[in-house]
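Engineer: Just need the structure, nothing else, for what follows:
(one chain, ligands or ions: 1)
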Amino acid sequence: MIPLTFAAIGCGSRVSTYAKLICSLPQKSKIVACADPKPERLELMSKITGDSSMLTFPGADELLAQGKLADVMIIGTQDAFHAEPCIKAMELGYDVLMEKPIATNFPEVIRLEQEAKRLGRRVLICHVLRYTPFYGKIKSLLEAGTIGEITSINAIEGVGPFHQAHSYVRGHWSVSGKSSPMIIAKSCHDMDIISWLVDSKCEQVASFGSLSYFNSEHAPDGAPARCTDRCPVALDCPYDAHRYLTTERKWLKMVFKGGVDAPDAEVLEWLRTSPWGRCVYHCDNDAVDRQTVNMSFANNVTATFTMSAFDVGRSLEVRGTKGILSAGSVTKRITEHDIVVTDHFTGENTTYDLTPESGEYVGHGGGDQGLVEALHDEWAKPDSATMRSSIQRSVESHAMGFAAEQARVTKQVVSLDEFIEENRC
Ligand SMILES: NC(=O)c1ccc[n+]([C@@H]2O[C@H](COP(=O)([O-])OP(=O)(O)OC[C@H]3O[C@@H](n4cnc5c(N)ncnc54)[C@H](O)[C@@H]3O)[C@@H](O)[C@H]2O)c1
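Structural biologist: Residues are numbered from 1 along each chain as shown. Here you go, the predicted structure:
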């Protein structure tokens, strides 16, 4: 087996996770070069690979100036800096492994798909949920006709209150104009899973939602702009930034140079000036904290999706002509099983439990690991469009997300065909 070789642009939280997984499969994959302006991120990559011959560069431009160094370029920069390095890499002859979202606006998503087609490049989007044992099992049960013909889907994503505050109130994705709308930034995975399970073209979307909690109206009396400015309600506030020193320390891994093991004094100093020290009711955020999307598909399946800051985990119900499949966090809470299939006519329940993922790759339900393990086989597929999360497939689910945002903002039902046509360059 000839290993696939990778170069990487943007070696933050996501790429360092992929790098560890890539290095755990030396017969299938190898990292040969990486770029990031932060020296500590390059140091971590060198530590992860343990390979002194791996080339490091202080930025995307410097890496791209070298010509083609590997089979696949990983794009792991922040949302607004995906399209530009992706196009340059494809022009140099790289295939691409691209973090989601593909781009921050839909015309750019279409442009990238068209460029990949014109240049004959493979682009795989990191829709990691498609590679989890959990959704893989659900997909195979549906394909086997376990619940008959699918009629409707109800999916919920609970972001979790502190996660919402960390990422979508204080953090990278809090201002949608600087990143992407919540339905894309967080829930493009859910749009993608719904599209995959329904396996048909989405025709129309409607959507409602708002930012209604994390705003100044909900600020407690006397709450200052920063938690570090002696907030009078700090002790009772679930979002008090001092929690980064105690119960919420795990989030530092993603945003603080010293990570989870940093001394308290350094973290405290950082909270005084960093976005993560701000009061959640006094930020510049506009990302919604609740949103619903209604969808109809060409095969007559209807679907609803709810994103809420105030729930934790994903839940799913798929209704079919023979039975109902319930899965995810609500099902687990009530039945202690991961997936339950109930037959309409016998009333019988069949339960499915997945072996819990272990180790540090438990994130995304094993999807990060599943994705990296699948890469070699995905790249061997004769038709790049049939890769499990190819750009061609991902454009469909990104269209659903961007159209849902338009539907939410304009309060109109959006036809997907018209939306795609209007956004074509
Ligand atoms: N697939 C998923 O489930 C998932 C989960 C979280 C985040 N993401 C997406 O992954 C992407 C990266 O997220 P992250 O949390 O790893 O971000 P991050 O901020 O930890 O990493 C981004 C890195 O890009 C680097 N960078 C900035 N400019 C650069 C340049 N010119 N050249 C090279 N590197 C540059 C930064 O220094 C940083 O290290 C985002 O688009 C995010 O939305 C995907």
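Engineer: Determine which residue belonging to the stretch 1-150 of the chain approaches the ligand most closely.
Structural biologist: Among the residues of the stretch 1-150 of the chain, Gly12 lies closest to the ligand, at 1.9 Å counting by C-beta to the nearest ligand atom. Any C-beta I mention is one placed from the backbone N, CA and C, and that applies to glycine too.
Engineer: Look up phi and psi at that residue.
Structural biologist: When read as degrees, to the nearest 10, the backbone of Gly12 gives phi -90, psi -150.
Engineer: got a list of what Ser216 touches?
Structural biologist: 281-282 (C-beta atoms under 8 Å, 6 or more residues apart in numbering).
Engineer: got the residues of the stretch 251-400 of the chain near the ligand?
Structural biologist: Contact residues (C-beta under 6 Å from any ligand atom) of the stretch 251-400 of the chain with the ligand: 254, 364.
Engineer: give me the low-pLDDT residue ranges for the stretch 251-400 of the chain?
Structural biologist: By pLDDT under 70, the low-scoring segments of the stretch 251-400 of the chain are 356-363.
Engineer: Tell me where it has helices.
Structural biologist: Counting by DSSP state H, counting those that start in this stretch, the stretch 251-400 of the chain has helices at residues 252-255, 264-271, 329-335, 367-380, 391-410.
Engineer: Those residues of the stretch 51-200 of the chain touching the ligand, which are they?
Structural biologist: So the stretch 51-200 of the chain meets the ligand at 59-60, 76-79, 81, 99-100, 126, 128 (C-beta under 6 Å from any ligand atom).
Engineer: now those: which count as buried?
Structural biologist: Neighbour-count burial (16 or more other C-beta atoms under 10 Å) applied to these gives 60, 76-77, 79, 81, 99-100, 126, 128.
Engineer: Which of the residues you listed sits closest to Met191?
Structural biologist: Lys100 (10.3 Å; C-beta to C-beta).
Engineer: Contacts only, for that closest one.
Structural biologist: 125-127, 188-189, 394.
Engineer: just Met295 next, same as before
Structural biologist: Contacts of Met295 (C-beta under 8 Å, 6+ apart): 194, 202, 204-205, 302-305, 400, 404.
Engineer: Recalculate using a threshold of 6 Å.
Structural biologist: Met295 makes contacts with 202, 205, 303, as judged by C-beta atoms under 6 Å, 6 or more residues apart in numbering.
Engineer: Out of the contacts of Lys100, who's the most crowded?
Structural biologist: When these are compared by neighbour count (other C-beta atoms under 10 Å), Ile125 ends up highest, at 31 neighbours.
Engineer: Quickly list what that residue is bridged to.
Structural biologist: Ile125 forms beta bridges with Met98, as assigned by DSSP bridges.
Engineer: if we can go back for a sec, most packed of the helices of the stretch 251-400 of the chain?
Structural biologist: helix 391-410 (a mean of 23; mean count of other C-beta atoms under 10 Å).
Engineer: other SSEs contacting that helix?
Structural biologist: helix 106-119, strand 123-125, helix 182-185, helix 188-198, strand 202-210, strand 414-415, helix 416-423 (3 or more C-beta pairs under 6 Å, 6 or more residues apart in numbering; DSSP states H and E).
Engineer: That one relative to helix 416-423, how many degrees between them?
Structural biologist: Taking axes from the mean of the first three to the mean of the last three C-alpha atoms, to 10 degrees, helix 391-410 and helix 416-423 form an angle of 90 degrees between their directions.
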